[in-house]
Every structure is written in structure tokens, then in C-alpha cells.
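J.: I'll drop the sequence and a predicted model, then ask my questions.
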Amino acid sequence: MADKGKEEKEEKPEKKGLPIKTIAIGLVIGLLAGGGAVFFLKGGEPQKQESGAEASAAVEEEKSEEEAKTEAPAPVKPESVESVIYDLEPFIVNLADTPDLRYLKLTLKLDLLRLEDTDEVAKKVPQIRNALLILLSSKDSESIRSIEGKMELRSEILERINGVFEVSRVRTAYFTDFVTQ
């Protein structure tokens, strides 16, 4: 009988699994990695809990700042205002090159000073296109080939466009397509 008990103990298969210690270490590492990822994604600073008095003081401070803004608005710099972009149809003109026949295809986007200027610009599109067609057809390919020539052309375009209006309405013009052939 003693042999029989020994045989039973020997016949039991050994457990082939991960020890509890290894599982526990894996869980801890996983939790730390997850916590580190959350910390990193939230900006790296832990959020501090405010007491009720501190929270109400912060709300009051925000309200007083908002009231100060509504009473005396600070002047807004044009760079800080979101741009209003107005698209013009592409221009295709013959350039003033002689004896060669060359042309220019130019697409412009106008950066307007104010959102309200969109309607005024839309009303004056025929006058704007006329002024720009005359300007562009007076150029030759050599004068607009260089960067300096393009910058000068942009200045002349802005001068002609703003000349159509009593008050300047366009901050700058962007070339989105510029092809000479």
C-alpha cells in the first residue's frame, strides 16, 4: 500500500503554467505602463484637486476677467484675427513678350482684412479682374520669372485691388497657381 501511494504521487503530472509571481509582476508592469501613457497624454502634470473655496475663487476670477474684457476690449492685431480667404477665378493672359508669344496662368487667393469685406469684394470682382488683367498682360516673362519679380508683382496686385475700393480691404494676395509658358 505504501508503494501504491508513492505511485499516485509520482503519476500526477506537474503543472506547466506561469507561476503566480510572474503573473503579478506582469500585471504591475502593465498598470505602470498604462498609467505612464495616461500621464504623458494629459500633458505631464498631475491635476491638483481644488477645495470648494479655491474652486469658487477661481470661478469668480474668471468672471471678473470676462467682465473686464467686455467693458474695455483690447485692440486686436490683424495677425491674431483669423484670415478670411476669397478665391478669384484663374487668370490666363498673354504676356508682353515680343516676338515670342508667351502666356501666364495665375490663380490668386485674397486674404481680406475683415469678414464683412467679403460682400464688398464680391460686388467688385469685375473691376478687380479688369485691373489685374491689364496689369498682368503688361508684364513680360523675364520680369516675373525671379522671386523678386513675383514679390513686386504681388505688391502691384495689392495696390491695384485696394485701389478699386475707397478703403483697403485686402491684406495680401497668395499665388496658388503660377505658370508661364
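T.: Structure's in. What do you need? Residues are numbered from 1 along each chain as shown.
J.: Quick one: residues contacting Thr118.
T.: 84, 86, 112 (CB atoms under 8 Å, 6 or more residues apart in numbering). Placement of C-beta: from N, CA and C, glycine included.
J.: if I've got this straight, Lys139 is in a helix?
T.: No: counting by DSSP: H, G, I helix; E, B strand; the rest coil, Lys139 falls outside a helix, being coil.
J.: just checking, it touches Phe91?
T.: No: judged on CB atoms under 8 Å, Lys139 makes no contact with Phe91 at a distance of 11.4 Å.
J.: which residues are contacting the helix or strand that contains Ile128?
T.: Assigned by DSSP states H and E, Ile128 belongs to helix 125-137. For helix 125-137, the surrounding residues in contact (CB under 8 Å, 6+ apart) are 88-89, 91, 93-96, 104, 106, 108, 121, 156-157, 160-161, 163-164.
J.: could you dump the contacts of Thr118 to TSV with secondary structure and distance to Ile147?
T.: Formatted as TSV, these follow (DSSP: H, G, I helix; E, B strand; the rest coil; distance: CB to CB, whole Å):
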residue	secondary structure	distance to Ile147
Val84	strand	27
Tyr86	strand	25
Leu112	strand	25
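J.: For stretch 140-156, buried residues please.
T.: Buried residues in stretch 140-156, defined by neighbour count with 16 or more other CB atoms under 10 Å: 140-141, 143-144, 153.
J.: I should have written stretch 113-132 there, sorry.
T.: 113, 117, 121, 124, 128, 131-132.
J.: next one: stretch 89-96
T.: 91, 93, 95.
J.: what pLDDT does the first one get?
T.: Among the per-residue scores, Phe91 shows a pLDDT of 97.
J.: so where does Tyr120 fall, helix or strand?
T.: Quick fix: residue 120 reads Glu, not Tyr. helix 117-123.
J.: Report the rounded mean pLDDT for that helix.
T.: 95.
J.: Repeat that for stretch 29-46.
T.: Stretch 29-46 shows a mean pLDDT of 64.
J.: Start at 198, not 1
T.: OK, 198 is where the count begins now, so the last one is stretch 226-243.
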